[in-house]
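# Sequence first, then the predicted structure:
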Amino acid sequence: MRPGRPLDEPVLRVEGLSVTFYQRVNLWSARPIRAVNEVDLTVARGETVALVGESGSGKTTLGRATLHLAPISAGRIVFEGTDIADLDGDRLMAFRRRAQVIFQDPFSSLSPFMRVGELVEEPLVIHGPAHRAERERLVLAALEQVKLSPATEFADKYPHTLSGGQRQRVSIARAMVLEPDYLVADEPVSMIDASSRAEILYLLSELQAGRDLTFLYITHDLASARHFADRIAVMYAGRIVELAPAAQLIEDPLHPYTRALLAAVPEPDPGNRLRQRPVVGGEPPDAGNLPGGCAFAPRCPVAIAGTCERDVPPLIELDDGHQVACHLYPADSVSAGSSPTSAASASSAATRNGSSDSG
């Protein structure tokens, strides 16, 4: 989204969304796996919202649910005023044209038995137009758009003959050939070399500016999220624990988990690499056996005894657009009339000072 531009009416509204899968335990029973748990999120037209977090945090499942590709157990997903759970038949096909996805691994998502031109043409075969000559024109235009030129030469190649960056460009062309309005980019640069990552992100930014695309950008890379996204949502154990404008979240993280993610970012300055970094121990919880209260409490270095293990913290807004779900920032201290900014600052200071009463 362009700097300084006001947010439009949300293209996408996620309201109280939960996604639960069931893992077979034996012939008679299965246990629930809560992949996404009561998530609220809005994405405006032309905006990029990044979902970040460890593997298993629910990022991809949330992204797939917004595309009608994962079952909704509770809540709803509204796309331009329409609940996507109500879509079927022709209405679902129309939604598919407007909502596309770029998968993480282009080598797995692209059939090795199809040429590049056939791969990019496949969505057009399903959704139209019917005339082959028009489809070929759109395929070549899409390849040129993602900088695979000359397009006629690339259209005749097989995916295995391309580099990782070129294969990802084919995936982007395949998603863009239908001219969608909403795009889920699921780790689009994690499977390619570092020299190509900036090029792919710059390409996506160009495509967004040209078509006013709305992005849900799924990544574990906070560095790319800072530069590519307008807002960042941090997920842990299926919940959003912090949500803020990208620069604000990076410069002033509030949740202990967000701070742990930032502390794990590699240090580019060789002079700082020997600096001792705080490392959060433990592993993410089992989604089939989540702890009571705050799911991060067993790993949190500043957990409040009793409170964090017992109560799930609500996601509250402490500052303009900065939301956090943590007992460090009690909702009643904000609603009682104190300044949200001062409440956040006081709790942050307590954490930095290592207060045993903060968590």
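Cool, got the structure.
# residue ranges of the helices in this protein, please?
Using DSSP state H, the helices of the chain run over 59-66, 89-98, 106-109, 116-127, 132-145, 151-155, 164-176, 194-211, 222-228, 246-251, 256-263, 307-310, 331-335, 340-352.
# worst average pLDDT in those?
Per-stretch averages of pLDDT across the helices of the chain put helix 340-352 at the bottom, with a mean of 42.
# what's the burial count for Val125?
With neighbours defined by other CB atoms under 10 Å, the count for Val125 comes to 12. Any C-beta I mention is one placed from the backbone N, CA and C, and that applies to glycine too.
# again, but for Gly58
Taking other CB under 10 Å as the definition, Gly58 ends up with a neighbour count of 24.
# Can you give me every residue that contacts it?
When contacts are counted by CB atoms under 8 Å, 6 or more residues apart in numbering, Gly58 touches Val19, Ala35, Val36, Asn37, Val39, Met235, Ala237, Gly238, Arg239, Ala287.
# 6 Å instead, please
With contacts defined as CB atoms under 6 Å, 6 or more residues apart in numbering, the neighbours of Gly58 are Ala35, Val36, Met235, Gly238.
# closest one to Leu318 among the helices of the chain?
Nearest to Leu318 among those is helix 340-352 (4.4 Å), distances taken as CB to CB.
# list the buried ones in stretch 246-259?
Neighbour counts over stretch 246-259 (16 or more other CB atoms under 10 Å) mark Ala246, Gln248, Leu249, Ile250, Pro253, Leu254, His255, Pro256, Tyr257, Thr258, Arg259 as buried.
# Surely the first one touches Ala233?
Put plainly, it is Ala246. No. Here Ala246 lies out of contact with Ala233, judged by CB atoms under 6 Å, at a distance of 10.4 Å.
# Quick check, Ile172 in contact with Val146.
Yes. Checked against CB under 6 Å, the pair Ile172 and Val146 is within contact range at 5.0 Å.
# and the residue nearest to Phe21 when sequence neighbours are not counted, what is it in contact with?
Distance criterion CB to CB, 6 or more residues apart in numbering; nearest residue to Phe21, sequence neighbours excluded, is Ile33 at 4.4 Å. Each residue near Ile33 by CB under 6 Å, 6+ apart is listed here: Phe21, Gln23, Ala287, Gly288.
# ok, the first one to Pro10 distance?
When CB to CB, to the nearest Å is the yardstick, Phe21 and Pro10 sit 27 Å from each other.
# so what's Ala35 up against?
Contacts here follow CB under 6 Å, 6+ apart; on that basis Ala35 touches Val19, Gly58, Thr61, Gly238.
# can you list those in TSV and add distance to Glu134?
Shown next, in TSV, are the contacts of Ala35 (distance: CB to CB, whole Å):
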residue	distance to Glu134
Val19	38
Gly58	40
Thr61	36
Gly238	44
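# Most neighbours of all the residues you listed, which one?
Counting neighbours by other CB under 10 Å, Gly238 comes out on top of these with 27 neighbours.
# Could you report the neighbour count for the spatially closest residue to Val19 that is not a sequence neighbour?
Ranked by CB to CB, 6+ apart and with sequence neighbours excluded, the top spatial neighbour of Val19 is Val36, at 4.0 Å. Val36: 31 surrounding residues under other CB under 10 Å.
# Compute the distance between Val36 and Thr42, please.
Counting by CB to CB - Val36 and Thr42 are separated by 16 Å.
# do the same with Leu143
For Leu143, the distance to Thr42 (CB to CB) stands at 34 Å.
# neighbour-wise, which of these two wins?
Set side by side, Leu143 and Thr42 show more neighbours around Leu143, with 26 against 17, by other CB under 10 Å.
# wait, the more buried one sits on Ile172?
No. Distance between Leu143 and Ile172: 10.0 Å, which falls outside the contact criterion (CB under 6 Å).
# For Ile240, which non-adjacent residue is spatially closest?
For Ile240, the nearest residue in space outside its immediate sequence neighbours is Ala233; the separation is 5.0 Å by CB to CB, 6+ apart.
# Report the contact partners of that neighbour.
Each residue near Ala233 by CB under 6 Å, 6+ apart is listed here: Leu51, Ile240, Leu243.
# What about the first one, how many residues nearby?
The one in question is Leu51. The local packing count at Leu51 equals 27, with neighbours defined by other CB under 10 Å.
# Could you do Pro266 as well?
Each residue near Pro266 was counted by other CB under 10 Å, and the total is 6.
# same deal with Phe113?
If we define neighbours as other CB under 10 Å, then Phe113 has 8 of them.
# how far away is it from Pro106?
According to CB to CB, Phe113 stands 15 Å off from Pro106.
# repeat for Pro245
31 Å.
# what do you get for Ala325?
Relative to Pro106, Ala325 is positioned 35 Å away (criterion: CB to CB).
# Stretch 195-207: which residues count as buried?
If you call a residue buried by 16+ other CB under 10 Å, then stretch 195-207 has these buried ones: Ser196, Arg197, Ile200, Leu201, Leu203, Leu204, Leu207.
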